[in-house]
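Student: Sequence and computational prediction follow.
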Amino acid sequence: MGTYEIPFGAAPVEHFCGACGARAAVDERFCGACGTATGDPPGAVVDAAYVSDEPVTVGATRRGRGRTAILAAAAFLTASLVAAVAYLGVSWRAEIHDRRQLAAALSTTQAKAAGLERERASLTERLNETTALAERRAQVLARAQRALAQVTPLLSSVDAVRTVTSKMQESRGSYAAAAETLKDDLIGLANYLLDVDPEYIDYYYLDSAIDRVNGEISTFNYYGGELTSHDDDYAAATERFETKATLFTEAVEALKNQLAKDAGAK
């Protein structure tokens with residue numbers, strides 16, 4: 001009786017030996033336990049190309065099963081290896097893609113950072129220029145305030161001089177008028193004494209004239225003293241005016257120099 005080779009793709013079906021009841025594989029023609037022929041499996045197809053006249057032994061059948069198991073294991077390992085290699089290839093391509101995306105994102109971020117750094121430097125330079133300009137303007141304003149602070153005292157000193165001058169003018173007018181009146185009365189009194197006969201002197205008139213002249217002398221002396229006082233006031237007012245004018249001139253000169261310095265710094 002010839003032997004039959006079961007194709008590798010046949011579906012395994014469990015069956016048992018009819019002699020001893022042991023479990024037999026679907027491709028076993030003889031029972032592995034007792035060696036009894038098990039017969040063809042249900043639905044088995046005999047391929048004439050695999051018919052052999054050599055007797056089938058249990059050992060040969062087992063070697064066939066071992067070879068089948070080895071081939072199946074090799075196929076499984078090969079499939080697993082191919083799947084692992086494919087997975088690794090996909091993962092590696094994904095990793096390369098991610099790295100390229102990260103490199104592009106990093107390059108974009110670096111470009112943005114460089115732009116921000118340039119903008120920061122430009123803003124810093126503008127801020128420094130604005131700060132320097134503000135400092136120069138503050139110095140100019142400080143100088144201007146110092147100059148303006150000297151205006152009020154200067155004007156006050158001018159008013160004082162003008163007031164004293166006005167008083168001096170009034171006193172001088174009164175002094176001149178008193179002097180003119182005194183002169184006239186003195187001349188009249190002298191003429192009266194020279195022209196009248198001593199025996200016909202009117203002593204009432206003479207006494208009145210003398211009293212009037214004495215009063216006019218007192219008025220003349222009063223205005224003279226007033227003029228002297230006004231002269232002292234005028235001298236003091238003039239000195240204060242000169243001091244205030246000097247301070248104002250110095251403040252204005254310092255302001256001019258600060259303005260020239262600020263113009264040169266622009």
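Tutor: Everything's here; your move.

Student: ok, how many other residues are close to residue 139?
Tutor: 14 (other CB atoms under 10 Å). C-beta here means a position set from N, CA and C on the backbone, and glycine is covered the same way.

Student: Check what pLDDT it gets.
Tutor: Per-residue confidence at residue 139 stands at 76 (pLDDT).

Student: How about it: what's its closest non-neighbour residue?
Tutor: Of all residues not flanking residue 139 in the chain, residue 258 sits nearest, at 5.8 Å (CB to CB, 6 or more residues apart in numbering).

Student: The one you found belongs to a helix?
Tutor: Yes. Per DSSP: H, G, I helix; E, B strand; the rest coil, residue 258 lies within a helix segment.

Student: quick one, what contacts it?
Tutor: 139-140, 143 (CB atoms under 8 Å, 6 or more residues apart in numbering).

Student: Now flag whichever of those residues is closest to residue 92.
Tutor: residue 139 (69.0 Å; CB to CB).

Student: Settle this for me: that closest one is touching residue 259, isn't it.
Tutor: No. Judged on CB atoms under 8 Å, residue 139 makes no contact with residue 259 at a distance of 9.9 Å.

Student: and residue 221, what element?
Tutor: helix 203-265 (DSSP states H and E).

Student: Show me how far the host helix or strand of residue 78 is from its chain's centre.
Tutor: For residue 78, the host element (DSSP H and E) is helix 58-149. Here helix 58-149 is found 29 Å from its chain centre; the criterion is CA atoms, centre = their mean, to the nearest Å.

Student: which stretches of the stretch 51-200 of the chain have low pLDDT?
Tutor: The stretch 51-200 of the chain contains residues with pLDDT under 70 at 51-67.

Student: which phi and psi does the spatially most distant residue from the centre of the chain have?
Tutor: Residue farthest from the centre of the chain, counting by CA atoms, centre = their mean, is residue 199 at 112.3 Å. As for residue 199, its main-chain torsions (degrees, to the nearest 10) stand at phi -70, psi -20.

Student: quick one on the thing from earlier: so which elements touch the helix holding residue 78?
Tutor: helix 203-265 (3 or more CB pairs under 8 Å, 6 or more residues apart in numbering; DSSP states H and E).

Student: Between helix 58-149 and the helix it packs on, find me the angle.
Tutor: Using axes from the mean of the first three to the mean of the last three CA atoms, to 10 degrees, the inter-axis angle of helix 203-265 relative to helix 58-149 is 160 degrees.

Student: pLDDT on helix 203-265, on average?
Tutor: 86.

Student: mind giving me the domain split of this structure?
Tutor: 1-56, 150-265 (automatic domain parsing).

Student: picking up where we left off before, want to try JSON lines for the contacts of residue 258, with distance to residue 115 as columns?
Tutor: Shown next, in JSON lines, are those (distance: CB to CB, whole Å):
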{"residue": "139", "distance to residue 115": "36"}
{"residue": "140", "distance to residue 115": "37"}
{"residue": "143", "distance to residue 115": "42"}
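
Student: any idea which of those residues is closest to residue 222?
Tutor: Nearest member of the contacts of residue 258 to residue 222, counting by CB to CB, is residue 143, at 50.0 Å.
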